[in-house]
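*Asks:* One predicted model, sequence on top.
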Amino acid sequence: MRRSIPMVFLLASCAPAGTIIPVDQAWDLPAPPAGEGVQVTIGPFDVPANSEVQKNFFMKLPVDHDVMVNRVQIGYPKGSHHLNLFKTGLTFPDHVEDTFDAVPYDKFDMFASSQSGSLDWAMPAGVALKLAANQQLIAQTHWVNGFTQSTPGGKGVAKVNLWFAKPENVQNTLGMMFVINKNLDIPPHRESLAQKSVDLARAGMAADVKVVAMTGHFHSRGKAFSVDRDSGENLYKSNNWDEPPFKRFDDPITIKNGEKLHYTSTFVNNTDLLIKFGPHVENQEHSNFFLYFYPGPANGKALYDTAGLP
């Protein structure tokens with residue numbers, strides 16, 4: 001279903017250059033100064049009581065030349081479950097879709113995601129994401145106003161800042177991999193584990209990479225999320241389902257071609273129901289993994305592993 005909902009683009013801020021309010025202090029981000037970046041405002045829109053709302057905002061990057069993005073800020077008030085950003089070479093009219101269906105991964109490439117009330121991610125020196133002039137984007141936002149999460153005021157809104165790097169300062173393009181474990185059958189009144197291996201080579205990246213960030217994702221039955229190397233070294237740990245940490249590696253770690261990562265989600269189901277995979281926070285579960293690395297694929301595509309493979 002398509003609805004007309006405001007999507008506002010700002011290329012400059014009334015705040016003095018360099019005056020940036022840290023996003024952990026306020027979701028309402030000031031825009032980057034003119035020429036240094038772009039801001040996208042999504043919404044506001046209604047999130048009625050006892051409901052979940054997921055919307056895909058189709059929009060164009062309002063810049064008439066190619067840009068390299070080396071810093072991403074995302075802010076939103078309480079109630080948001082996640083905000084995922086996608087790009088594509090296809091073109092669509094600007095519109096909004098209400099849907100819990102997955103974005104077609106063969107057509108859209110995820111390039112950033114936030115599951116906390118604020119994200120301020122400056123990529124390592126020399127690393128950036130390429131976006132084309134007037135690039136087609138999707139901002140997928142999921143809001144919950146129910147039992148497990150609430151949306152005060154019943155309104156959803158978000159702001160995204162994309163900061164630009166000077167092209168001559170970029171040596172490596174960012175790559176992103178999104179992994180889903182759909183093999184979830186979480187029995188009632190029990191603790192259970194869901195495990196999956198992450199193989200970049202299987203997803204099409206046949207080269208050594210340097211990991212710069214990662215994060216995990218599950219719903220309210222999730223109690224622990226961990227990521228380990230083949231060697232057993234732990235790289236990531238989270239016990240927070242609604243505000244999972246976005247872990248940055250200031251000293252990027254090398255993953256050799258053919259080396260796997262292994263992630264485990266621990267669930268505790270205190271209900272009488274068998275909980276299965278699905279997008280709805282209130283009565284379904286996820287076990288998802290987000291990995292950011294360089295150098296990214298030469299074609300600029302995101303890597304996906306959404307099959308039911310262990």
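*Replies:* Right, received. Where do you want to start?
*Asks:* beta partners for H262?
*Replies:* With DSSP bridges applied, the residues forming beta bridges to H262 are S197, D228.
*Asks:* Give the burial count for E97, as a bare number.
*Replies:* The local packing count at E97 equals 17, with neighbours defined by other Cβ atoms under 10 Å. Yep, even glycine has a C-beta here, placed from its N, CA and C like the rest.
*Asks:* give the contact list for the closest residue to it other than its chain neighbours.
*Replies:* Leaving out its chain neighbours, the residue that sits closest to E97 by Cβ to Cβ, 6 or more residues apart in numbering is N56, at 4.5 Å. Shown in contact with N56 (Cβ atoms under 8 Å, 6 or more residues apart in numbering): 96-97, 99, 103, 138-140.
*Asks:* Does T99 touch Q54 like I think?
*Replies:* Yes: using Cβ atoms under 8 Å as the test, T99 is close enough to Q54 to be in contact (6.6 Å).
*Asks:* Which one's more surrounded, these two?
*Replies:* Q54 (19 against 13).
*Asks:* mind checking how far that one is from M176?
*Replies:* Q54 sits 20 Å away from M176 when distances are taken as Cβ to Cβ, to the nearest Å.
*Asks:* got it, and L85?
*Replies:* As judged by Cβ to Cβ, L85 and M176 stand 10 Å apart.
*Asks:* intersection of neighbour lists for those two?
*Replies:* Residues touching both L85 and M176 (Cβ under 8 Å, 6+ apart): 110-112.
*Asks:* closest to N288 among those residues?
*Replies:* Set against N288, the nearest of the shared contacts of L85 and M176 by Cβ to Cβ is M110 (10.9 Å).
*Asks:* So what pairs up with F86 in the strands?
*Replies:* F86 has these beta-bridge partners by DSSP bridges: M110, I138.
*Asks:* what sits against it?
*Replies:* 103, 108-111, 137-140.
*Asks:* now do A302
*Replies:* 105, 109-111, 175-178.
*Asks:* neighbours around A125, how many?
*Replies:* 12.
*Asks:* can you check S226 too?
*Replies:* Quick note: S226 (other Cβ under 10 Å) scores 17 neighbours.
*Asks:* Just the element for it, please.
*Replies:* S226 is located in strand 222-229, with elements delineated by DSSP states H and E.
*Asks:* in that strand, what counts as buried?
*Replies:* By neighbour count on 16 or more other Cβ atoms under 10 Å, the buried set for strand 222-229 is 222, 224-228.
*Asks:* circling back: would you turn the contacts of F86 into CSV with pLDDT?
*Replies:* Putting those into CSV (pLDDT from 0 to 100) gives the following:
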residue, pLDDT
V103, 92
F108, 96
D109, 97
M110, 96
F111, 96
L137, 97
I138, 96
A139, 95
Q140, 93
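*Asks:* what's the farthest-apart pair in these?
*Replies:* With distances taken as Cβ to Cβ, the most widely separated pair in the contacts of F86 is D109 and A139, at 13.7 Å.
*Asks:* What helices and strands are in contact with the strand or helix carrying Y304?
*Replies:* Following DSSP H and E, one finds Y304 within strand 303-305. With contacts taken as 3 or more Cβ pairs under 8 Å, 6 or more residues apart in numbering; DSSP states H and E, strand 303-305 sits against strand 175-180.
*Asks:* Apart from its neighbours in sequence, what residue is nearest the residue most central in space within the chain?
*Replies:* When the chain is reduced to its mean C-alpha position, the nearest residue by Cα atoms, centre = their mean turns out to be S113, at 1.5 Å. By the measure of Cβ to Cβ, 6+ apart, the closest residue to S113 outside its immediate chain neighbours is N84, 4.7 Å from it.
*Asks:* which is the next helix or strand following the strand holding S226?
*Replies:* For strand 222-229, the succeeding helix or strand toward the C-terminus, using DSSP H and E, is strand 234-238.
*Asks:* chain center to that next one: distance?
*Replies:* With Cα atoms, centre = their mean, to the nearest Å as the basis, strand 234-238 stands 18 Å off its chain's centre.
*Asks:* Tell me the strands beside that strand, with direction?
*Replies:* In the sheet, strand 234-238 lines up against strand 222-229 (antiparallel) (DSSP bridges).
*Asks:* so F289 makes contact with A213?
*Replies:* No: contact between F289 and A213 fails when scored by Cβ under 8 Å: they sit 11.8 Å apart.
*Asks:* tell me, what's touching the two both at once?
*Replies:* Common contacts of F289 and A213 (Cβ under 8 Å, 6+ apart): none found.
*Asks:* Low-confidence regions, the stretch 51-200 of the chain specifically.
*Replies:* For the stretch 51-200 of the chain, the stretches flagged by pLDDT under 70 are 79, 116-117.
*Asks:* Please consider this matter closed, and thank you.
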